[in-house]
Every structure is written in C-alpha cells, then in structure tokens.
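**Student:** What follows is a protein structure lacking sequence information:
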DNA sequence: ACCTCATATGAATATATGCTCATGCGTTAT
DNA sequence: ATAACGCATGAGCATATATTCATATGAGGT
C-alpha cells in the first residue's frame, strides 16, 4: 500500500483544516480576474495615469504633459486600461478625453496609499 | 519667440486644472510603493497563496498540497511576498509556517472580488 | 485636395518575471 | 555520524511586458 504521498505528509495543519481551505479556494475565473486587475495597477505609469484621472477628465495630450512621457507610451498604456474597462473615453474633434470607468479604482488607490504610508 | 511646445498645446483642459493635477501628483516613492504592492497581487499564484493564508496559517508543505504546485515555485513566491512584508513566517522544527502580515491584504482581496463579481 | 494635429498601433527591443532543475542548508530521526 | 525531511535559493529558460520608433488613421484647417 504505497500511499501516493511522495512529498511531505501535509500534516502541518489538521487535515480537515486543509480540506476546508481547498473547498473555500477561489475558482479559476476569480483568480484570473483578481490578478488581472491588480496587475493593471502594478505599473508606475498606469498608477500615475489613473491617479491623474481621479482628479479630472484629461485628454491624451494632457497626460503627455503631466507625466512627461511620450505620447506613444501613454497611448499604449491607455489601451491596456481601456481593455480592462478601467477607463473610458470620449472623442471631441481631434482630441480624446479619458476618465475613470470604475469606482473601485479610487478605493484601491486610496487604500493602497494608506497601506504604504502606514508601512 | 519659439515656444518650447513642439507637441500639442495641452489646452484640452484649463491650464490651471493641469497644474493642479501636477501639484497633486504622487511623489515617486508613493508611485513605486503602490505599483510594487499591486504588482505583488497581480499574479495568480500569489493570489492563491494569499487567499489561502486569509483562512489559516499554513506551512509550505500545506501550500504545495493546496495549490498543487512544486515546492520550489511556491517557495520562490513566498520569498517575494516576504520581501514585501505581506506575509510573515514562524519556524517550528523543520517546518515553516506562513501567515499574513498585513491587514490590508484581506481588504484588497475582498474589494477585488466585489469588483470582478460586480463586473 | 492638401497639410497639420491628436491619437492609435504594429514591430522591434530590452528588461522583468515565473517556473523548473539542481543543489544547499538546517533540523530531526536513526 | 549519517540519512531523511522541509524548505530556500541560484541558474537557466521561456514568456510577458514597457518603451521606442515608425507609421497609420481620422478630424480640422487652409
């Protein structure tokens, strides 16, 4: 009767406890959804864009000026944020105005700031 | 008098508005701090580890069993989480028990779940 | 029609990241 | 002491990601 446990015996915690953790585990869709949105927030440029947009609707040109980065770099990042529906846009002539499309973003940012300040 | 504006005129929004956004901008330390912590949450494996730890203190071995991944992969991710002080550990003989070291983590996860469910 | 401006996007490149494999290290058991 | 166990870690590799460069698109002005 070779038990199919060729690694550790997983008896650190009580087995029923382990099973409970397994049963409560997130489903794959939730895991991917969570990591996806946090990954979007996990870049300095996107943080700066989103934080700027918490204060005002802005066009690409404004963001180029505020972040002091190339228009291409910013447009690429806006595309990422658009795909995740974190920002929405509105066209006005040649210009495109971006704004936040997700109330949760502000909460994440403020809570994140509270976190690093409380450090 | 060539104005040093060889790109767009940044007149989309009122200039004082732009300046206000600039003045309110996060300092570099905050930007990097925010993106760092969100980047840590931006990976499926780390999400699964952290979510498991919200339910119980667990040893590496337990996590190997729960996540069904190699011990090496999990140890590497735990190292990342440790470096960011998101988890703490406690040694007991040969085993090492990990637990959350940051109250904010649970808030991020639950708020993130609310976000993707509300989708 | 032509040109310019504001923005988007594909390709290329450099860097970062996650996992595997092999191995090291400390603790306990024999 | 030696071996086994639980865990950590460095190297290597494959993939992902962020920026730049060049170019496309589309709206307005002339």
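**Tutor:** Structure's in. What do you need? None of the values given here were measured: they were computed from a predicted structure.

**Student:** Check what pLDDT the nearest residue to residue A:112 once chain neighbours are set aside gets.
**Tutor:** Closest residue to residue A:112 apart from its sequence neighbours, by CB to CB, 6 or more residues apart in numbering or on different chains: residue B:34 at 4.7 Å. Using the backbone N, CA and C atoms, a C-beta is placed for each residue, glycine as well. Among the per-residue scores, residue B:34 shows a pLDDT of 97.

**Student:** which residues touch stretch A:19-31?
**Tutor:** Taking CB atoms under 8 Å, 6 or more residues apart in numbering or on different chains as the criterion, the residues outside stretch A:19-31 that touch it are A:34, B:44, B:47-48, B:51-52, B:55-56, B:58, B:62, B:66, B:113, B:116.

**Student:** For the residue nearest to residue A:112, which residues are in contact?
**Tutor:** For residue B:34, counting by CB under 8 Å, 6+ apart, the contacting residues are A:41, A:47, A:109, A:112, A:113, A:116, B:26.

**Student:** swap the cut-off to 7 Å and go again
**Tutor:** Shown in contact with residue B:34 (CB atoms under 7 Å, 6 or more residues apart in numbering or on different chains): A:47, A:109, A:112, A:113, A:116.

**Student:** filter the contacts of stretch A:19-31 down to the ones close to DNA strand C.
**Tutor:** residue B:44 (CB under 7 Å from any atom of the strand).

**Student:** where's the dip in pLDDT among the contacts of stretch A:19-31?
**Tutor:** Taking pLDDT as the measure, these have their low point at residue B:116 (90).

**Student:** Would you mind measuring from the closest residue to that one other than its chain neighbours to residue B:36?
**Tutor:** Leaving aside its sequence neighbours, residue B:116 sits nearest to residue A:33 (CB to CB, 6+ apart; 3.7 Å). Using CB to CB, to the nearest Å, one gets 21 Å for the distance from residue A:33 to residue B:36.

**Student:** who touches the strand or helix carrying residue A:111?
**Tutor:** Residue A:111 is part of helix A:103-118, with elements assigned from DSSP states H and E. Here helix A:103-118 makes contact (CB under 7 Å, 6+ apart) with A:41, A:50-51, A:54, A:86, B:30, B:33-34, B:37-38, B:104, B:107-108, B:111, B:115.

**Student:** Could you give the separation of it from the chain centroid?
**Tutor:** On the basis of CA atoms, centre = their mean, to the nearest Å, helix A:103-118 is displaced by 12 Å from the centre of the chain it belongs to.

**Student:** Name the residues of that helix that are buried.
**Tutor:** By 16 or more other CB atoms under 10 Å in any protein chain shown, the buried positions in helix A:103-118 come out as A:104, A:105, A:108, A:109, A:112, A:115, A:116.

**Student:** tell me which of these is nearest to residue A:91?
**Tutor:** Set against residue A:91, the nearest of the buried residues of helix A:103-118 by CB to CB is residue A:105 (21.8 Å).

**Student:** which bits of chain A sit near DNA strand C?
**Tutor:** A:59-61, A:64, A:71-72, A:75-76, A:78-79, A:89, A:94-96.

**Student:** Any regions of chain A where pLDDT drops low?
**Tutor:** Segments of chain A classed as low confidence (criterion: pLDDT under 70) are A:1-7, A:9-11, A:119.

**Student:** One more pass at 50, please.
**Tutor:** Low-confidence segments of chain A, defined by pLDDT under 50: A:1-5.

**Student:** which residue ranges form the strands in it?
**Tutor:** Along chain A, the segments classed as strands by DSSP state E run A:58-59, A:87-92, A:95-100.

**Student:** Sheet partners, orientation included, of the first one?
**Tutor:** Put plainly, it is strand A:58-59. strand A:95-100 (antiparallel) (DSSP bridges).

**Student:** Sounds good, over and out.
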